[in-house]
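Visitor: my questions are about this predicted structure, shown below with the sequence.
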Amino acid sequence: MLVLANFLGLGIIIAAVPRYLHTELQASRLSTGLATTIYFVAALLVRPFIGVAVDRIGRRPFLIVPPVFTAGLTLLYLTVDTVGGITMLRFLGGAVAAMFFTAVILAATDVVEPARRTQALGRQSVMTYTGFIIGPVLADRLIDQSWTLVWIVPAVLHIVVSVIGLTIPETRPTNRPQSVARVGFDRRVIRPATGVLAANFGFASIVSFLPEYAERIGISRPGSLFAVYAVAVLMIRAVTGRLADRIGPARFIAPALTLGVVALVGLALADLPWQSYVAIALVGMSIGATFPAATSAALTRAGDGDKGKAMGTTLAFGDIGQASAGPVVGFLSTQWGFQWVYLIPAIVCSVAVVSVLSMPEARR
């Protein structure tokens with residue numbers, strides 16, 4: 001419930017802010033894009049610090065305090081009526097959300113044995129994704145009622161998250177090695193982290209350009225494509241965790257990303273609606289399977305003492321993928337043609353496959 005409530009609130013905000021900027025403040029496309037991207041830039045900036053802090057201070061404070069700040073920032077949308085002010089709120093919101101997400105993933109993996117870590121991450125990410133799917137739908141309903149409700153409802157949800165956090169005991173292992181990590185990235189986890197970067201790059205490319213893609217392929221409701229994608233992600237995360245733990249999460253990443261390469265190429269070359277539905281379902285399976293396995297492999301490489309720094313590094317790579325996809329794919333596809341909207345993510349996934357396969361444990 002903690003994870004679902006948090007990401008349901010974030011899902012509402014993420015869907016509502018671009019619409020608010022466009023319809024209420026008449027912001028330009030550039031300004032709206034900046035307000036969206038700066039969220040992930042802020043998350044990226046705090047990851048190296050927060051990972052070490054969560055190891056040294058513990059997980060529980062970061063499950064309680066950041067949601068309160070998120071609630072306060074959300075209520076400020078009631079009073080801010082400038083594009084610059086909204087952009088600043090998004091920047092601060094990205095930084096605070098990164099603190100919570102790092103801690104909640106570590107808390108989920110602290111309470112299970114390493115042999116079941118990918119299963120735990122998969123179950124948690126199902127709740128994360130469910131919130132992100134339902135949130136935008138709920139945002140549409142709230143906008144029809146009033147913008148006041150759009151900001152109050154997620155604020156209340158985040159207060160609920162903080163209250164739930166108060167009931168959760170500290171999960172940081174008491175017998176773990178003392179962390180002496182310095183602020184920064186953990187080099188040991190960079191190769192599995194490239195899998196998260198590729199998955200997030202693919203996801204952001206799907207979301208950013210799906211309406212135009214659907215129009216080109218002759219699909220009147222682009223939401224139906226995203227629904228197929230989302231269902232595929234949820235289904236695969238619910239069933240593949242045990243398999244990844246059994247064969248080793250590091251060995252699981254490359255096949256999952258390879259499926260994404262094939263599916264993204266199929267999505268780019270499809271010229272019939274049914275082909276697009278099949279391809280995007282396979283993309284969802286690939287991206288859905290990659291994140292838990294890559295994250296689990298990164299934590300295994302880091303060991304118990306520096307799990308926070310390892311998680312911060314891994315999620316930072318995901319932020320890079322999420323923040324860079326729109327500008328990179330948008331620019332290159334304008335130069336080379338629309339098919340490159342999904343061929344470029346396929347190339348990124350191919351590079352990640354090579355990176356992952358360079359790990360000894362991935363080839364063993």
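Guide: That came through, no problem. In this text the structure is predicted, and so the values were computed from the model without any measurement.

Visitor: what's the closest non-adjacent residue to Gly330?
Guide: Distances taken as CB to CB, 6 or more residues apart in numbering place Ser208 nearest to Gly330, at 7.3 Å, with adjacent residues excluded. (Each C-beta comes from the backbone N, C-alpha and C, glycine too.)

Visitor: then Thr87?
Guide: Nearest in space to Thr87, with sequence neighbours left out and distances taken as CB to CB, 6+ apart, is Ala35 at 4.6 Å.

Visitor: hmm, Gly84 and that neighbour touching each other?
Guide: No: using CB atoms under 8 Å, Ala35 is not in contact with Gly84; the gap is 9.4 Å.

Visitor: looking at those two, which is more packed in?
Guide: More neighbours surround Ala35 than the other of Ala35 and Gly84, with 23 against 10 (other CB atoms under 10 Å).

Visitor: so Leu21, which of the three states?
Guide: Three-state call for Leu21 (DSSP: H, G, I helix; E, B strand; the rest coil): helix.

Visitor: for Tyr39, see how far away it is.
Guide: Using CB to CB, to the nearest Å, Leu21 is found at 13 Å from Tyr39.

Visitor: do the same with Ala198
Guide: As judged by CB to CB, Ala198 and Tyr39 stand 20 Å apart.

Visitor: higher neighbour count, those two?
Guide: Neighbour tally, Ala198 and Tyr39, criterion other CB under 10 Å: the higher count belongs to Ala198, 32 against 26.

Visitor: wait, that one sits on Gly321?
Guide: Yes: contact criterion CB under 8 Å: Ala198 and Gly321 qualify, at 6.5 Å.

Visitor: could you find the closest non-adjacent residue to Asp310?
Guide: No, residue 310 isn't Asp; it's Ala. Ala302 (3.3 Å).

Visitor: could I get the contacting residues of the one you found?
Guide: By CB atoms under 8 Å, 6 or more residues apart in numbering, the contact set of Ala302 is 186, 188-189, 309-310.

Visitor: isn't Arg123 right next to Thr240, touching?
Guide: No: in this structure Arg123 lies outside contact range of Thr240 using CB under 8 Å: 11.3 Å.

Visitor: and these two? which has more neighbours close in?
Guide: In terms of neighbours (other CB under 10 Å), Thr240 is the more surrounded of Arg123 and Thr240; the figures are 21 against 16.

Visitor: against Gly94, how distant is the more buried one?
Guide: 29 Å.

Visitor: element containing the closest residue to Ile38 other than its chain neighbours?
Guide: Nearest residue to Ile38 in three dimensions, chain neighbours excluded: Phe91, at 4.9 Å (CB to CB, 6+ apart). Using DSSP states H and E, Phe91 maps to helix 83-110.

Visitor: now that helix, how far from the centre of its chain.
Guide: Counting by CA atoms, centre = their mean, to the nearest Å, helix 83-110 is centred 11 Å from the centre of its parent chain.

Visitor: tell me what angle the following helix or strand past it forms with helix 83-110.
Guide: Next helix or strand after helix 83-110 toward the C-terminus (DSSP H and E): helix 117-145. Interaxial angle of helix 117-145 relative to helix 83-110 (axes from the mean of the first three to the mean of the last three CA atoms, to 10 degrees): 150 degrees.

Visitor: and the next helix or strand after helix 117-145, what does it pack against?
Guide: Using DSSP H and E, the helix or strand that follows helix 117-145 in sequence is helix 147-166. Here helix 147-166 touches helix 2-23, helix 60-76, helix 117-145, going by 3 or more CB pairs under 8 Å, 6 or more residues apart in numbering; DSSP states H and E.
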